[in-house]
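>>> Using only what follows, build the 3D model:
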Amino acid sequence: MNKKETIFIHLPAYRDPELVPTIKDALKNAKYPKCIHFGICRQYHPDDKFDDLTEFKGDKRFNIYECLYTEAKGLPWARAVINEQLMGKQDYILQLDSHHRFAQDWDVTLIEMHNQREKQGYKPILAAYLPLYTPFNDPAGRSMEPWQQQFACFYPHGTIFIRPSLLHGWKDMTEPPFSRFLSGHFCFARTEWAREVKHDPDIYFSGEEINLTVRSYTHGYDMFHPHKLVVWHSTMREERSGMLKWDDDAKLGVDWWNRQNIARAKIRQLFRVEDNGYDLTGYDLGTARTIEDYETYAGVNFKTRSVQKYTLDNQYPPNQIDSPWSKSFYHLVTIHKNELPANDYASILIAFDDENGIGIHTKTIEGHQLESFMNGTPIHYEEFFPYFDKDPKRMVAWAYSKERGWAERIEHTI
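Got it, this is the predicted structure:
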């Protein structure tokens, strides 16, 4: 790493007690901390005291935008503020959330991995769902294996559910492997990427990553997983329970769910699935590659919501053209105790059937999940699976009792 090369750390922070520890850990573990610059969009509540940035405001490496939490408009809006108003002429951008920990000399490691692929002729973006750290058990609670993004399923509204998984084979890797998706909470690239592929402030939260993924790919950028441990991430959902953006908006009477739906409709138009009348100027596909090029590379089809087996098997792209295709199903399972009211169940079978009652997929509810249900907590989880022939049309929940055998049974039409 050239000592003069600079990194712009992009930090959108919404009422986050980990913001200040994140800043301090980044500086502490950088090899060249004087080359690290920050752009921070601090969306604060006046009663919170944990995210005060006063100690950094005299430092020329920090550009800070502050607004009341009531003025915040969602995560991509905050990201747009950072890149369009706070970013300077730094060489690289490290896009994060605001709850992270850093490996020693993380700055050098990231630049080396990036430039390794850049020298091969790519326009690289290092992107990952980062391994986990726990704020109250750190560093002992850190996951010590690199993670990646993996296809889970298509959501009913047309975006993709991306989930984390282990970066398989990482111990034998000598360079970052290809990725299908970008991560919202970790991207490392030249700052030209952030200037060219702008964050769409109309997106509230859902769909941010697949929007950025497809637009970056069609603008000619290449996505890679970092194959070394360099940064950790915490979800911070439990620690900030009740004060996340959508929690506060609900309390304020803001119709944030409708904003989600508008964003999803805009994304379906971006993918050329629907024409919903939106002006995509500034936030459209690039011209270096087509949407069909991305679908071939990643093994997905947005119009049919189908996916290749090669992708489901979590093999690294680019995809094999001859890999078979399947459809992708998603359903939010919700069963209340009054629907299956007895207290002697040994298990509950969840089945998805086609229009003729032929089973397509099953799952058994037992153990802790069954115990919680028996104590009055609804069964509530996301079920997703591939299928090849007829569409699932019915969900069946059938309880089994050790004393009575197959007992109460309910059906939900899908």
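
>>> Please spell out which residues along the longest helix along the chain are buried.
Longest helix of the chain, by residue count under DSSP state H: helix 256-270. Residues of helix 256-270 classed as buried by neighbour count (16 or more other CB atoms under 10 Å): 256, 259-260, 263-270. In this view, the C-beta of every residue, glycine as well, is placed from N, C-alpha and C.

>>> What are the contacting residues of it?
Under the criterion CB atoms under 8 Å, 6 or more residues apart in numbering, residues 74, 157-159, 200, 202-207, 210-211, 214-215, 245-246, 249-250, 274-278, 280, 283-285, 302 lie in contact with helix 256-270.

>>> For the buried ones among those, write the corresponding ChimeraX selection.
Here is the ChimeraX command that selects the buried residues among the contacts of helix 256-270 (16+ other CB under 10 Å):
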select :74,158,159,200,202,203,204,205,206,207,210,211,214,215,245,249,278,283,285,302
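
>>> Give the residue spans of this protein that score low on pLDDT.
The model of the chain has pLDDT under 70 over residues 1-3.

>>> Give me the domain ranges for it.
Residue ranges for the domains of the chain, per automatic domain parsing: 7-233, 328-413.

>>> the helices in the stretch 151-300 of the chain, which residues?
191-196, 208-218, 245-252, 256-270, 291-298 (DSSP state H, counting those that start in this stretch).

>>> starting at the chain centroid, how far to the last one?
Which is helix 291-298. On the basis of CA atoms, centre = their mean, to the nearest Å, helix 291-298 is displaced by 20 Å from the centre of the chain it belongs to.

>>> try the third one
Here the centre of mass of C-alpha atoms in helix 245-252, compared against the chain's by CA atoms, centre = their mean, lies 21 Å away.

>>> ok, now stretch 301-311?
That offset, for stretch 301-311, works out to 19 Å (CA atoms, centre = their mean).

>>> If we ignore the residues flanking it in sequence, what's nearest residue 362?
Among residues not flanking residue 362 along the chain, residue 351 sits closest, at 4.8 Å (CB to CB, 6 or more residues apart in numbering).

>>> Actually, residue 237.
Here the residue nearest residue 237, using CB to CB, 6+ apart, is residue 244, at 7.3 Å.

>>> distance of that neighbour from residue 331?
25 Å (CB to CB, to the nearest Å).

>>> Please say which of the two ends up with more neighbours.
The neighbour comparison of residue 244 against residue 331 (other CB atoms under 10 Å) goes to residue 331, with 19 against 16.

>>> just checking, that one touches residue 392?
Yes. Counting by CB atoms under 8 Å, residue 331 does reach residue 392; the two are 7.4 Å apart.

>>> any idea which of the buried residues of helix 256-270 is closest to residue 325?
Of all these, the one sitting nearest residue 325 is residue 268; the distance, using CB to CB, is 20.1 Å.

>>> what does stretch 318-327 contact?
Stretch 318-327 has contacts (CB under 8 Å, 6+ apart) with 178, 296-299, 301, 304-312, 386-388, 391.

>>> swap the cut-off to 7 Å and go again
Contacting residues not belonging to stretch 318-327 are listed as 178, 296-299, 305-311, 386-388 [CB atoms under 7 Å, 6 or more residues apart in numbering].

>>> Okay, and which of these map to strands?
Secondary structure assignment by DSSP state E places 306-308, 386-387 of these in strands.

>>> Please check those residues and keep the buried ones.
By neighbour count, with 16+ other CB under 10 Å, these hold 306-308, 386 as buried.

>>> Output the residues you listed in JSON lines, with distance to residue 228 appended to each entry.
Formatted as JSON lines, these follow (distance: CB to CB, whole Å):
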{"residue": "306", "distance to residue 228": "34"}
{"residue": "307", "distance to residue 228": "29"}
{"residue": "308", "distance to residue 228": "28"}
{"residue": "386", "distance to residue 228": "32"}
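
>>> Can you pick out the most distant pair from those?
Farthest pair in these, by CB to CB: 308 and 386, 9.9 Å.

>>> what do these two both touch?
Between them, residue 308 and residue 386 share no contacting residue, judged by CB under 7 Å, 6+ apart.

>>> any idea how far stretch 178-189 is from the chain center?
Counting by CA atoms, centre = their mean, stretch 178-189 is centred 9 Å from the centre of its parent chain.

>>> Just the buried residues of it, please?
179-189.

>>> Restrict it to CA atoms and write it as CSV.
What follows is stretch 178-189, C-alpha atoms only, in CSV (Å, rounded to 0.1, in the frame of the first residue of the first chain):
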residue,chain,number,x,y,z
PHE,A,178,-16.3,-14.1,-7.7
SER,A,179,-19.6,-13.0,-6.0
ARG,A,180,-23.2,-12.8,-7.3
PHE,A,181,-24.3,-10.0,-5.0
LEU,A,182,-23.1,-6.9,-3.3
SER,A,183,-23.6,-6.3,0.4
GLY,A,184,-25.0,-3.2,1.9
HIS,A,185,-22.8,-3.2,5.0
PHE,A,186,-19.5,-4.0,3.3
CYS,A,187,-18.2,-2.8,-0.1
PHE,A,188,-14.7,-1.8,-0.9
ALA,A,189,-13.9,-0.2,-4.3
